[in-house]
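J.: can't give you the sequence, but here's the structure:
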């Protein structure tokens, strides 16, 4: 983790049930404050790329890739879609190290602030044509803030962009899973990509198939355009595996990190920018990102 920290404003939520949801008028208030406060106060960001390795510190770009304008192109070619894939903002379960999977957990205060900052960044960059999201609230609320700030009328929700279903591990604190769910834990840490998790959990191959298919359909619909997709750590790792099958380990996917894919009309994938959290550098809301590495969810 980059050496930045902040104090939490809301107390930790330790209940196994999700915290109260954020409502639409709160989103409107957030975006109003965002537009009022950020436009005059924020100077142009120095955009740079973070490739999070096992300790989330190294800055790396894919081999033989040239990156200009801080990792973002000024225009998009007619024969590919530029898809900015973003992990949702932080939740209290992220903060507590509790496994979420398909359970529907809300953003916490830090997560909403992360969503505001990434939305403001995107509003200053090349036009966004559409915003897609997982239908889980932590992703769709992040996407709604982005859409409102970028002038996109609605968010298209797709359950195929959800996090991996983690079966009997869902709702359990990560540090406890080996003790309280030994069979599910054994399946979870298996190196077999076809290993399902007891309790209805998906294998990595099942996750890969649905996430990559969903992103390819979005790309086919938006050739020549720039779109945003808000998803989850495990799903984004699966997308990385599709675009860079022989690449290094992806490491941790941070909350509201930007990961830019180019997908051609011939289904050729490339990564133009990975793990960019430069928008969080001055915000005080750069967190540990639990749920974004191989052994969490």
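T.: Perfect, thanks for sending it. Everything numeric here is computed off the predicted structure, so don't read it as measured data.

J.: and the strands in this structure?
T.: 80-87, 130-133, 155-157, 226-231, 258-264, 269-276 (DSSP state E).

J.: by contact count, what packs against the shortest one?
T.: In other words, strand 155-157. Judged by 3 or more C-beta pairs under 8 Å, 6 or more residues apart in numbering; DSSP states H and E, strand 155-157 is in contact with strand 130-133, helix 137-150. For every residue, glycine as well, the C-beta is placed using N, CA and C.

J.: what's the mean pLDDT across the shortest one?
T.: This means strand 130-133. The average pLDDT within strand 130-133 is 98.

J.: just the helices in this structure please.
T.: Ranges of helices in the chain, per DSSP state H, are 24-41, 92-96, 109-123, 137-150, 177-180, 182-188, 204-221, 233-243.

J.: with distance to residue 168, mean neighbour count and mean pLDDT added, can I get those helices in CSV?
T.: Output for these, formatted as CSV (distance: least, C-beta to C-beta, whole Å; neighbours: other C-beta atoms under 10 Å; pLDDT from 0 to 100):
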stretch, distance to residue 168, mean neighbour count, mean pLDDT
helix 24-41, 34, 13, 52
helix 92-96, 16, 22, 93
helix 109-123, 26, 24, 95
helix 137-150, 21, 26, 98
helix 177-180, 9, 14, 96
helix 182-188, 4, 18, 97
helix 204-221, 16, 19, 98
helix 233-243, 16, 24, 96
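
J.: what's the closest of those to residue 256?
T.: Closest to residue 256 of the helices of the chain, according to C-beta to C-beta: helix 109-123, at 4.2 Å.

J.: helices and strands around that closest one, which ones?
T.: Against helix 109-123 (3+ C-beta pairs under 8 Å, 6+ apart) you get helix 24-41, helix 137-150.

J.: of all the helices of the chain, which one is nearest residue 276?
T.: helix 109-123 (9.4 Å).

J.: mind putting the helices and strands packed on strand 155-157 into TSV with distance to residue 223?
T.: Listed next are the helices and strands packed on strand 155-157 as TSV, based on distance: least, C-beta to C-beta, whole Å:
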stretch	distance to residue 223
strand 130-133	12
helix 137-150	20
